[in-house]
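> Predicted coordinates and the sequence they were generated for:
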Amino acid sequence: MGVRPLVKFAQIGSLYMQTYISLAQIDAITQEIKNRIKIQPVVGIILGSGLNGLADSVHQAVHIPYSDLTDFPVSTVHGHIGRFVIGELEGRPALVMQGRIHYYEGYTMGQTTLPVRVMQRLGIQSMIVTNAAGGVHPDFAPGDVMLITDQLNLMGMSGLNPLMGPNLDEIGPRFPDMSQPYDRTYGDLARKAAAENGITLREGVYAGLSGPSFESPADLRFLRLIGADAVGMSTVPEVIVARHGNMRVLGLSGISNKANLDGSTITTHEEVIEAGKVITPKVEAIVRGILKDM
Ligand code: HPA
């Protein structure tokens with residue numbers, strides 16, 4: 001099929017925004033990674049804002065900065081280091097993303113989800129995705145961890161679906177089912193791991209918005225009304241691409257702040273990073289438990 005056309009219309013640093021990523025490009029990046037590792041990762045883990053710490057416990061780690069890879073988007077957000085850490089976690093060969101790519105950084109949906117495509121071409125079939133999120137459910141408090149049971153694709157509803165454009169038939173179908181974005185068996189493993197570690201695990205629906213502005217009180221009341229329990233600026237596109245490629249997904253949100261439904265408090269990125277320090281050990285315990293049982 002050859003390389004699909006490059007659409008160049010804006011530049012972030014030295015990288016062009018590219019609407020559609022070809023399989024040839026994905027495979028070239030995959031090969032660059034393969035050339036630097038000796039193991040075959042079986043699980044991909046995306047670390048959200050303030051949750052970098054988990055990557056420190058990867059054994060025999062090979063570090064690959066995103067900037068080393070051809071045409072790979074780099075993380076521009078404070079709190080996101082921007083590299084792959086590949087090695088063993090709980091005895092499992094894992095590829096950990098220390099820092100993710102967000103749509104609001106100016107990348108296209110294709111670029112935002114390119115890491116998930118690379119995971120798929122590396123042969124990874126399971127993905128654990130974590131994020132920092134605002135708690136919309138009235139009972140949620142900063143420091144809580146929520147198992148994501150379903151998602152609201154608000155970005156997609158406004159036309160920002162990562163699967164728009166030519167379908168990569170070699171990877172998945174034009175119209176993928178989305179009835180179970182998050183794997184139920186993995187959810188059970190997370191509940192078990194949380195219980196074993198004395199961690200209260202919240203559960204709920206994650207609403208994905210593009211950001212980067214936080215929500216207004218009216219936005220948040222609307223989100224609550226439509227069934228959101230947590231809100232954030234990532235995850236949903238990555239999970240859609242993962243499911244398109246038939247990966248099994250586990251999602252965990254670290255609740256970094258309480259949604260401010262009446263406008264009485266403000267939300268800051270510093271608060272999100274700070275809450276990560278409380279959340280990281282909990283997420284780490286749950287992820288370790290899941291990896292053991294996966
Ligand atoms: N809203 C959106 N994204 C977030 C929030 C929030 O309150 N907290 C952390 N990420």
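Alright, I've got the coordinates. Numbering: from 1, shown residues only.
> What parts of the stretch 101-250 of the chain come near the ligand?
Listed as neighbours of the ligand in the stretch 101-250 of the chain under the rule Cβ under 6 Å from any ligand atom: 132-134, 214-215, 231-233. (Each C-beta comes from the backbone N, C-alpha and C, glycine too.)
> mind running it again at 5 Å?
132, 134, 214, 231-233 (Cβ under 5 Å from any ligand atom).
> Dump those into JSON lines; add pLDDT as well.
Output for these, formatted as JSON lines (pLDDT from 0 to 100):
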{"residue": "132", "pLDDT": "92"}
{"residue": "134", "pLDDT": "94"}
{"residue": "214", "pLDDT": "93"}
{"residue": "231", "pLDDT": "97"}
{"residue": "232", "pLDDT": "97"}
{"residue": "233", "pLDDT": "96"}
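> Tell me which residue of this protein lies closest to the ligand.
Per Cβ to the nearest ligand atom, residue 134 is where the chain lies closest to the ligand, at 2.2 Å.
> which residues does that residue bridge with?
residue 231, residue 257 (DSSP bridges).
> Am I right that it is in contact with residue 261?
No - under the criterion of Cβ atoms under 8 Å, residue 134 is not in contact with residue 261, lying 10.5 Å apart.
> out of the residues of the stretch 101-250 of the chain next to the ligand, who has the most neighbours?
The most crowded member of these, judged by other Cβ atoms under 10 Å, is residue 134 (27 neighbours).
> buried stuff in the longest helix anywhere in the chain?
Counting by DSSP state H, the longest helix found in the chain is helix 269-293. For helix 269-293, the neighbour count (16 or more other Cβ atoms under 10 Å) marks 269, 271-273, 275-276, 278-280, 282-291 as buried.
> ditto for stretch 71-84
Buried, per 16+ other Cβ under 10 Å, within stretch 71-84: 72-77, 79-80, 82-84.
> Reformat the residues you listed as JSON lines; add pLDDT.
Listed next are those as JSON lines, based on pLDDT from 0 to 100:
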{"residue": "72", "pLDDT": "91"}
{"residue": "73", "pLDDT": "89"}
{"residue": "74", "pLDDT": "84"}
{"residue": "75", "pLDDT": "75"}
{"residue": "76", "pLDDT": "76"}
{"residue": "77", "pLDDT": "73"}
{"residue": "79", "pLDDT": "65"}
{"residue": "80", "pLDDT": "66"}
{"residue": "82", "pLDDT": "89"}
{"residue": "83", "pLDDT": "94"}
{"residue": "84", "pLDDT": "96"}
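> what would these look like in TSV with distance to residue 161 and secondary structure?
Formatted as TSV, the buried residues of stretch 71-84 follow (distance: Cβ to Cβ, whole Å; DSSP: H, G, I helix; E, B strand; the rest coil):
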residue	distance to residue 161	secondary structure
72	22	coil
73	18	coil
74	23	coil
75	22	coil
76	23	coil
77	22	coil
79	26	coil
80	23	coil
82	25	coil
83	28	strand
84	25	strand
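> In terms of helices and strands, where is residue 218?
Using DSSP states H and E, the element containing residue 218 is helix 217-225.
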